[in-house]
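Asker: Structural data only, the sequence is not supplied:
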Ligand SMILES: Nc1nc2c(ncn2[C@@H]2O[C@H](COP(=O)(O)OP(=O)(O)OP(=O)(O)O)[C@@H](O)[C@H]2O)c(=O)[nH]1
C-alpha cells in the first residue's frame with residue numbers, strides 16, 4: 001500500500017491497521033539497522049549483529065506478507081520477533097544500559113499487531129519473563145544485572161504503560177465495534193422502506209442490478225415482477241391516508257409470505273412494489289405472480305366494520321429476454337400498463353418472442 005495522507009484519512013479500519021503495521025515495520029527496520037550498524041562500529045559486534053538480525057526478520061516477514069497477503073502469519077511473526085527482541089534487550093541491557101528504554105514500546109506494538117485479547121496473553125507472558133530476568137539471580141541467559149532501584153522503577157513504569165495501552169486498546173476496539181454497528185444500521189436504513197419494512201427503491205434496485213450481473217455471469221435467469229395496487233386512490237379518498245398506509249403494510253406482508261428466502265420484495269414507490277426472483281425462469285415467476293395476485297384478492301382490510309378488498313395488477317419479465325436494467329424495467333412497465341388496461345387484477349407477461357403465458 002502506498003503511503004499518503006489521503007490513504008490514512010480515507011481508509012477503513014482494516015486498511016488502516018495494515019497501513020499502521022506496515023509503517024511500524026519500516027520504522028523498526030530503519031531503527032534496528034541504524035543502531036545495529038552503529039553498534040558494529042563501536043565494537044559491540046554481538047549486539048550489532050543481533051539488532052541487524054531482528055531487523056532482517058521484520059523485513060522478511062513484511063516481504064512474505066507482500067507476496068502472500070497473509071496478514072495473520074505476518075502479524076504473528078512480528079509479535080514473536082518483538083517479543084524475542086524485548087527479552088534480548090532486557091537480558092543483555094542493550095548498549096550502555098539503554099535496552100530498557102526500548103522495552104516500553106512493547107505493549108503498544110503488541111496491541112497494535114494482535115488486538116486486546118491476544119495482546120493481553122503476550123503481556124502476561126512478557127511480565128513472567130521480565131520477573132525471571134530481573135529477579136532470578138545468576139540466570140545463565142541473563143548477562144546484565146540491574147540495581148534494585150532500576151528494577152522496581154522499571155516494573156512500576158512498565159505496569160503503568162501496559163495498563164494505559166490496554167485501556168486505550170479497549171477503547172479503540174469499543175469505538176470500532178460501535179462504528180461498525182452504526183454503519184450497519186445506517187446502511188440498513190438507506191435501503192429500507194420505513195412504512196412497509198421492505199427494501200426501498202434504492203435497495204431493490206441494487207438487488208436487481210446485482211442479480212442481472214449475476215445472471216449474465218452465470219447464465220442464470222432472474223425474473224422481476226412489478227405490482228401496482230388497483231384503484232388505490234379510492235381507498236385513500238374514501239377511508240383516509242392511514243387506512244391507505246395500513247393497506248400497503250398488509251400487502252407487504254402478503255408479498256413477504258409468498259416469497260422464498262432467496263427472493264426480494266421492495267417498495268418501488270407509492271402503491272407499486274417490485275419482486276425479484278433470482279434463479280427463476282419467467283414461467284415459474286409468472287405462476288408465483290398469479291399466486292400473489294390471488295392471495296391479495298382473497299385478503300381484506302377491516303376498517304370500522306367495513307371490509308376493504310384489494311387487488312393488484314402486475315407486469316413481469318426476465319433477464320432471459322432483457323439482460324440490461326433499463327430494457328428490463330421498460331418492458332415490465334409496458335406489461336404492467338397493459339395489465340391495467342386489460343381490466344386490472346391480472347398479471348401480464350412481457351417476454352417478446354416467447355410463448356404467451358397469460359391465459
Ligand atoms: N396512503 C398512502 N397513499 C399513497 C402512498 N404513496 C402513494 N399513495 C397514493 O396512491 C395513489 C395512487 O393513485 P393512482 O396513481 O391514481 O393509482 P390508482 O388509484 O391505484 O389507480 P390504478 O393504478 O390506475 O388502478 C395516490 O392517491 C397517492 O397519493 C403512501 O405511502 N401512503
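Answerer: Sure, I can see it. Keep in mind it's a predicted model, so treat the numbers as computed, not measured. Residues are numbered from 1 along each chain as shown.
Asker: ok, residue 263 - contacts?
Answerer: For residue 263, the contacting residues are 275-278, 280, taking CB atoms under 8 Å, 6 or more residues apart in numbering as the criterion. No exception for glycine: its C-beta is placed from N, CA and C like everyone else's.
Asker: mind giving me the domain ranges of this protein?
Answerer: By the record's domain assignment, the chain is partitioned as 5-188, 201-349 (automatic domain parsing).
Asker: So the residue in the stretch 51-200 of the chain positioned nearest to the ligand: helix, strand or coil?
Answerer: Nearest to the ligand, among the residues of the stretch 51-200 of the chain, is residue 195, at 5.7 Å (CB to the nearest ligand atom). Reducing the assignment at residue 195 to three states with DSSP: H, G, I helix; E, B strand; the rest coil gives coil.
Asker: Setting the sequence-adjacent residues aside, check what's closest to residue 132.
Answerer: Nearest residue to residue 132 in three dimensions, chain neighbours excluded: residue 139, at 6.6 Å (CB to CB, 6 or more residues apart in numbering).
Asker: tell me the secondary structure for that neighbour?
Answerer: Criterion first, three-state DSSP; result for residue 139: coil.
Asker: Residue 94 touches residue 103, doesn't it?
Answerer: No - with contact defined as CB atoms under 8 Å, residue 94 and residue 103 do not form a contacting pair (9.1 Å).
Asker: check which helix or strand covers the residue nearest in space to the middle of the chain.
Answerer: The C-alpha lying nearest the average C-alpha coordinate of the chain belongs to residue 180 (CA atoms, centre = their mean; 7.7 Å). Element membership for residue 180 (DSSP states H and E) is helix 148-190.
Asker: quick one on the thing from earlier: tabulate the domains of the chain (TSV), appending mean pLDDT.
Answerer: As requested, the domains of the chain are exported to TSV (pLDDT from 0 to 100):
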stretch	mean pLDDT
domain 5-188	89
domain 201-349	95
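Asker: Would you mind giving these as a markdown table with distance to the ligand added?
Answerer: Formatted as a markdown table, the domains of the chain follow (distance: least, CB to the nearest ligand atom, whole Å):
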| stretch | distance to the ligand |
| --- | --- |
| domain 5-188 | 20 |
| domain 201-349 | 3 |
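Asker: Looking at these, which one is packed in the most?
Answerer: Neighbour counts averaged per stretch over these are highest for domain 201-349, at a mean of 18; criterion: mean count of other CB atoms under 10 Å.
Asker: next one: that one to chain centre, how far?
Answerer: Distance of domain 201-349 from the chain centroid (CA atoms, centre = their mean, to the nearest Å) equals 31 Å.
Asker: and it, how far apart are its ends?
Answerer: Domain 201-349 has an end-to-end distance of 22 Å (CA to CA, to the nearest Å).
Asker: got the residue ranges for the strands in this structure?
Answerer: 223-229, 264-269, 272-277, 300-303, 306-309, 312-318, 347-349 (DSSP state E).
Asker: All the helices of the stretch 1-150 of the chain, in order from the start?
Answerer: Along the stretch 1-150 of the chain, the segments classed as helices by DSSP state H, counting those that start in this stretch run 5-9, 13-41, 45-68, 71-92, 99-103, 106-135, 148-190.
Asker: These: which one's closest to residue 203?
Answerer: Smallest distance to residue 203 across the helices of the stretch 1-150 of the chain (CB to CB): 7.6 Å, for helix 148-190.
Asker: State the phi and psi torsions of the residue of the stretch 51-200 of the chain closest to the ligand.
Answerer: The phi/psi pair for residue 195 (degrees, to the nearest 10) reads phi -70, psi -50.
Asker: Now do the same contact list for it.
Answerer: Going by CB under 8 Å, 6+ apart, residue 195 touches 245, 248-249, 267.
Asker: can we see that at 6 Å?
Answerer: If a contact means CB atoms under 6 Å, 6 or more residues apart in numbering, then residue 195 has residue 248 as its contacts.
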